[in-house]
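Trainee: no FASTA, just this:
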């Protein structure tokens with residue numbers, strides 16, 4: 001599995017977990033990093049940080065875009081995992097450097 005694919009999966013897990021727990025995604029990211037370090041695995045892909053921080057930093061605009069184009073679905077009505085996937089993909093589409101086709105395929 002490619003490194004960026006794994007990073008997206010980990011970022012998705014963090015965003016979803018923070019949504020379910022009503023916690024700050026950056027706190028959940030720090031906790032995940034700490035747990036990984038405590039398990040003796042210090043490697044943590046910096047792209048995870050970039051994705052989670054990017055979604056958090058642009059969440060207002062991301063949610064505006066999703067609300068505009070999600071006809072018949074409010075953000076609150078969407079399943080949490082769908083909301084996390086859409087936020088992550090929207091961040092990568094609007095502010096990332098990855099080709100759009102890759103973002104869509106990964107999402």
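Mentor: All right, it came through fine. From a predicted model like this one, the values you see are computed outputs, not experimental measurements. Numbering: from 1, shown residues only.

Trainee: how about the strands in this protein?
Mentor: For the chain, no strands are identified by DSSP state E.

Trainee: quick one: low-confidence ranges for it?
Mentor: Applying pLDDT under 70 to the chain flags the ranges 1, 37-42.

Trainee: need the longest helix for it.
Mentor: helix 3-21 (DSSP state H).

Trainee: show me what that one is in contact with.
Mentor: For helix 3-21, the external contacting residues (C-beta atoms under 8 Å, 6 or more residues apart in numbering) are 23-25, 27-29, 32, 45, 47-48, 51-52, 55, 80-81, 83-85, 87-88, 98, 106. C-betas here are computed from N, CA, C, even on glycine.

Trainee: do that again at 6 Å, thanks
Mentor: 25, 28-29, 32, 45, 47-48, 51-52, 80-81, 84, 88, 106 (C-beta atoms under 6 Å, 6 or more residues apart in numbering).
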